[in-house]
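> predicted model and sequence follow; I will ask about them next.
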Amino acid sequence: MKILIFNWRDIKNPEGGGAEVFTHENAKRWVKSGNKVTIFTSAFEDCKKEETIDGVQIVRAGWKYSVYSKAKTYYEKFFSHERFDVIIDEINTRPFFTPRFVNQGEKIVVLIHQLAREFWFYETRFPINFVGYHFLEDRWLKRYRNLPAVAVSDSTKNDLVDLGFRNVFVVSEGLTFKPLRKISEKEEEPVIIYVGRLKRAKRPDHVVKAFSMILEQIPRAKLWIVGDGYLRKELEQMAGNSVRFFGYVSEKEKINLLSKAWVLVNPSIREGWGINIIEANACGTPCIAYDVPGLRDSIVDGETGLLVKENSDVESLAKTVIEFLENIKLRQKFSKNALEWSKKFTWDKGAEEFIRVLESVTR
């Protein structure tokens, strides 16, 4: 098949995240199995306008917001003549509105990792947040409800079904590295780790605030924060000497840190899935998170980690982490279960699931 993907970012974009990893890991496997894949995406500073990465053709034009209008222009001038079999409209809050301009018989598939929902209030200002939450998102998405859609978790599928989507497929995520053969030696002192972007919607401040409470009960504890973002300076001012900021690290160093930590804490307001949880699990490290969409899919509550039902209560988060750190049998059980759970997820498996969806809609 010839597949065209519209996405606002690609794997090389400095602002790219888990959604871009998902897209690229699938796309390069589709190419390897004999398909042709093109990704149209936004440009970024010093980027190439066109390049091929792992066999995937990348075309860049426009910026964060103008990429949507550029997509329509490029389709009309170039892509409409290339006879694509399927076009994937990957929605990260705002859709590309492909049903408005795709007109050469290509099948359209929606790919959506998560609904924005609470993100509007964490990442945009009034009145945009109010309009986005109450009017824009539902209105945008309902235009796609008669099209086949791909989600990465049951949580997102349920959200789409509630909006009237009739044909939603769930495709599993994968890992960019193999799970450890056995659980490696942990740090002698209790180490809590946070891995992710330092932005409001991820709520890293909840980890820092909870950690100050944890220190009152477990003064030997340490907090490692891996990742960067606009909240870093504010978090550094909040944190004490027991908190270490690593910034961005290599894949090898990330695996090393996750392997040594006792527990990953993810306080995000919602996720499509929670790939950093499975990565931690693959290093033999359980996760404690709020009971929110996406995270309740990637954590088997009471087996591979714990979900805090009060999904914005820092005190409850701190209490749960303390109870976990002080229970050696629970830590050992969860670490073992988490490692086994992570072995179920591979990009090869997910890519096969996804390509079967595309094949079914193009028949």
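Happy to help now that I have it. Note that the structure is predicted; figures quoted are calculated from it, not measured. Residues are numbered from 1 along each chain as shown.
> how about the strands in the protein?
Shown for the chain, the strands assigned by DSSP state E span residues 2-6, 36-41, 50-53, 56-60, 86-91, 107-112, 149-151, 168-170, 191-195, 222-226, 243-247, 263-266, 287-290, 305-308.
> what's the burial count for Thr98?
22 (other CB atoms under 10 Å). Every C-beta, even on glycine, is put in place using the N, C-alpha and C of the backbone.
> let me know the pLDDT of it.
Thr98 carries a pLDDT value of 97.
> got it, and Val131?
65.
> for the remainder of this discussion, apply numbering that starts at 12.
From this message on, residue numbering opens at 12, which makes the last subject Val142.
> tell me where the chain has helices.
With DSSP state H as the criterion, the chain has helices at 29-43, 78-88, 130-134, 139-142, 148-153, 165-173, 215-228, 243-249, 262-271, 286-293, 306-309, 325-336, 339-353, 358-373.
> can you pull the contacts of the residue nearest to Gly305 when sequence neighbours are not counted?
Spatial nearest neighbour of Gly305, chain neighbours left out: Glu282 (3.2 Å); criterion: CB to CB, 6 or more residues apart in numbering. By CB atoms under 8 Å, 6 or more residues apart in numbering, the contact set of Glu282 is Gly29, Gln125, Val303, Pro304, Gly305, Leu306, Ser309.
> how about 10 Å then?
By CB atoms under 10 Å, 6 or more residues apart in numbering, the contact list for Glu282 reads 29, 124-125, 163-164, 166-167, 207, 212-213, 288, 300, 303-309.
> quick one on the thing from earlier: just the strands of the chain: most buried one?
Of all the strands of the chain, strand 274-277 has the most neighbours on average by mean count of other CB atoms under 10 Å, namely a mean of 27.
> for that one, which strands pair with it and how are they oriented?
strand 202-206 (parallel), strand 298-301 (parallel) (DSSP bridges).
> dump the ones you listed into a markdown table; add mean pLDDT as well.
Converted to a markdown table, these look like this (pLDDT from 0 to 100):
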| stretch | mean pLDDT |
| --- | --- |
| strand 202-206 | 98 |
| strand 298-301 | 98 |
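> would TSV of those with distance to Ala82 be doable?
Below are these laid out as TSV (distance: least, CB to CB, whole Å):
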stretch	distance to Ala82
strand 202-206	32
strand 298-301	34
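> compare those and give me the one nearest Lys81.
Distance to Lys81, taken as CB to CB, is lowest for strand 202-206 among the strands paired with strand 274-277, at 32.8 Å.
> what's the angle from that closest one to strand 233-237?
Here strand 202-206 runs at an angle of 20 degrees relative to strand 233-237 (axes from the mean of the first three to the mean of the last three CA atoms, to 10 degrees).
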